[in-house]
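Colleague: With the input below, show me the fold.
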Amino acid sequence: MEALIGVASSVVAKILEYPVRLIGRHLGYLIYYQTNKKSLTDREPELDDKIRSVQRRAQAARRKGEEIEECVTRWISEAESKAQEGKDVIDDLNRGHENAKCSCNGSFPNLVSRYKLSKKAKIMAEKIVIDLQKADDFGNFSYLPLIQPSFKNKDYEAFDTRNQTLKEIMEALRDPNLTMIGVYGMGGIGKTTLVNEVAHQAKKEECFSELVMVTVSQDFDLKSIQNRIAEGLGLTLDGGNMSVRAIQLRDRLRQEKKILIILDDIWNELDLSKAGISFNADDQKGCKILLVSRVRDVLCNLMGVTKIIEVKVLSDREAMGLFDKFVGDIDDNSEFKKLANQVVGECGGLPIAIVTIACSLKNKDIFVWKDILSRLKNSCGLDRKVNASIKMSYDFLESEEEKKLLLLCSLHGEDANVYVKDLMFYGIGLGLFRGVKTMEDARCRAHSLVDKLKAHCLLLDGYYEGTVKMHDVIRDVMISVANDDEHMHCLTKVAELEDGDFRESKAIMLVGPDFNHQILPSLVCPNLQLLLAFDRYDDLSLETIPDDFFKEAQELKALSFDCEPLESLPQSFCTLRHLRALRLRLGKNEDLTLIGELRNLIALDLSWSTFSQLPEHIGKLTRLRSLNLSDCESLSVIQPNVISSLVRLEELYMDEVNIDWEAEGRVGEGRNTSLVEFKNLRNLTALHLNVKDADVLPKDMFSANLQRFRIIIGSCPRYTRHFTCSLDVSDCPNLKSLFTVAMAGRLAQLERLQIRRCVVMEEVVVTNEHGEGRLEKILFPKLKYLELEDLPNLKRFCTGDCIECPSLLKLEIENCGVLKNFISSNEEEVEGPFFNEKVSSISLFLCFVLFILFIQYTNQ
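Modeller: Okay, here's the model as predicted:
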């Protein structure tokens, strides 16, 4: 009996334990109201700080070319939503505090209000704590994406002589007894094109698990070579110690059983072992190194290569066929044909000479043909004939604009990828583009000139989109022209700048690791118009710039310092009154007052700077047409009336800049400006902008003049930079609609529209309350990608009779549970297709009642 009583007591105790705990927890909400309120108000700023910290870390990783792990980007998005939710709860607490608190005058609190607010505060604080813990446990934060070049080789011509050499190289690569193979031939004979085809064939046939190609060049830097090989293998090398880096690279290479490393354009001895490029002779017989040089002795004597393969000149038949391809059709019985045979003969079977001369002669008069033939005959030696052919191609360019742009390209380092937008920047500063009136005109002119230079085979497509590069032989000739005829110089050593006489110089490029952590000597260049310092990917830093650095260079029109942020500008900077284009990376303590005095500035690029405030002095730059503030992650304040003062502004880039814009009508109450100021920019054609809070967007903000835009509203961590015109909207809890009909009509250039997690959105395009503004047809003529995700209250896309998206390629609709149809008229469904048969991808997920749209598409 006692045992039964004990068991019963235990069961009753367990039964009573749960309701007691439950009652205790609910009473706790009433008792610990102040504690829960304080916990949330303390935790929410901690989450804000953590979000900013993670975003800064992500920004630093992206700057190094790294990709952010998906868990991190997802955390940022979710944490921003939590932070906003936390602020909303704090606002509720502040509004309901008087009813919920115990008063000293004896009034009793509203227990229901006190309970609800305390519970919300406690639950929200616990969620924030969880998010803070997640931020400390990311594991891998970012990673270096593995570069997988396609080695597509559109320039390769399958001549018999080339195919035979290609076959010989491929057989050598398959030989288990060979580790190093050498390929040599004179400059311009097509070695790089050939080994590119070798790489293409090797990748196509899956001969190697990894394949890396690096250009060495004359003034090579061993660390740079290590970095490029490491990038191709997805490896990050630590520190600056050469020996440590070599061990890391060697250990990574030892993991491979079949790898091909191509080292192109070797001029001198390269210590492979010191760089960490070595294989185990017994276990890695499938690993190969292909060395390419102009000089046979470099491969045999300095590099110890036993298998050497020569790239020979083209046969007479092949040379004539190549010439005909570029010069166009010629009558076999005409005088042109006789001259063509002689010109090709003078080119000595060298592809680069044949192609450049053919491009120069295309559609030219007979007298030009005779003149070029005469000049070729007067050039002694094959090297001189090659140089002469390139120089003649330069001489026969139709405009000074083409010539100057080509010389500007040559100032960059050997094998450099030169961005066309940078050439445009220099051209604007120098006043190179005649007759252009707008930034868009200048952009079109720069691209047009580049296309012409490509057509003359003087420029090649670069490795990255929007870039070009030069063949090393062409660059050598153009550097000579730049130095001798135009007083333009590319300097790779500090000593060259210190010891040289540059009083006649018009343009100087400083490039290379020798300038890292150096104090630059003051310029003595009274005629200097263009100064380019460093490559954006070298991550170079300067110790300091002397205060009198620009004292004797006051004619500068274009200046680019593409290095780590400068903490101070020299005092002589204010003397550069003629500057029209300026690119600087400024530090967090830098005073921008000096820049505000450069009243002739047309283009100003301060991207990747770390200052926190854009002061009123920038508003004095009333001639400014282009302003780039992208990736200024610390920028938080733009003073009122600065933006609206830049009345001639045509381009404004603010990617990855998160300003707390003031709401319309509140300017002057806060320290920041309002987006209303953008309405004053009547010439604006390009806008990249982040807006965290959709509530601060003024009505009809966007102009019909916008030709290029990337706009992010809310929190949207996904990169969309490869779209010319895109709009991304995410996590806007109060946004019921996105466009008015008028605004939709002004965004005719829109290519990509993404709307996610806007929980109260009911309609994308909306008419006003009285139905005014309603159109029979809403047209997005260039929209290619439409993504609607997590919009639980979305009822329709728009109200009207018709919407057309004739360019749509991809449609994704996900978690839009009440979406019934895209178009409604007077609250009734309207059947009718809004895209055509071009749509290649449709994704409908958890959209239970959206059937008509899919049926219409499948019927088409």
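Colleague: all strands of the stretch 451-600 of the chain, in order?
Modeller: 460-461, 467-469, 488-491, 507-510, 518-519, 530-533, 542-544, 558-561, 581-583 (DSSP state E, counting those that start in this stretch).
Colleague: residues contacting residue 275?
Modeller: Residue 275 makes contact with 222, 225-226, 246, 249, according to CB atoms under 8 Å, 6 or more residues apart in numbering. Bear in mind the C-beta positions are built from the backbone N, C-alpha and C, glycine included.
Colleague: Please identify which of the residues you listed is nearest to residue 661.
Modeller: residue 226 (45.0 Å; CB to CB).
Colleague: what about the closest one, which helix or strand?
Modeller: For residue 226, the host element (DSSP states H and E) is helix 222-232.
Colleague: For that helix, buried residues please.
Modeller: Going by neighbour count (16 or more other CB atoms under 10 Å), the buried part of helix 222-232 is 222, 225-227, 229-232.
Colleague: Same check on stretch 755-768?
Modeller: For stretch 755-768, by 16+ other CB under 10 Å, it's 755-758, 761, 763-767.
Colleague: What of stretch 68-82?
Modeller: 68-69, 72-73, 75-82.
Colleague: For burial, what's the neighbour tally of the closest residue to residue 284 other than its chain neighbours?
Modeller: Closest residue in space to residue 284, ignoring its immediate chain neighbours: residue 257 at 6.5 Å, by CB to CB, 6 or more residues apart in numbering. Neighbours of residue 257 under the rule other CB atoms under 10 Å: 14.
Colleague: which ones are touching residue 257?
Modeller: Applying CB under 8 Å, 6+ apart, we find residue 257 in contact with 209, 283-284, 286-287.
Colleague: Mark which of those residues are buried, thanks.
Modeller: 284, 286-287.
Colleague: Reformat the residues you listed as a markdown table; add distance to residue 344, pLDDT and secondary structure.
Modeller: Below are the buried ones among the contacts of residue 257 laid out as a markdown table (distance: CB to CB, whole Å; pLDDT from 0 to 100; DSSP: H, G, I helix; E, B strand; the rest coil):
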| residue | distance to residue 344 | pLDDT | secondary structure |
| --- | --- | --- | --- |
| 284 | 46 | 73 | coil |
| 286 | 42 | 79 | coil |
| 287 | 42 | 86 | coil |
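Colleague: closest to residue 277 among those residues?
Modeller: For the buried ones among the contacts of residue 257, the nearest to residue 277 is residue 287 (10.1 Å; CB to CB).
Colleague: Phi and psi next, for residue 309.
Modeller: Taking degrees, to the nearest 10, you get phi -120, psi 130 for the backbone angles of residue 309.
Colleague: partner residues bridging it?
Modeller: Note on residue 309: beta-bridge partners by DSSP bridges are residue 183.
Colleague: Tally up the residues packed near it, please.
Modeller: Counted with other CB under 10 Å, the neighbours of residue 309 add up to 20.
Colleague: thinking again about what came up before, what are the contacting residues of the helix holding residue 226?
Modeller: For helix 222-232, the external contacting residues (CB under 8 Å, 6+ apart) are 65, 144, 146-147, 210-214, 216, 236-237, 240, 242, 245-246, 248-249, 252, 261, 263, 270-271, 274-277, 513.
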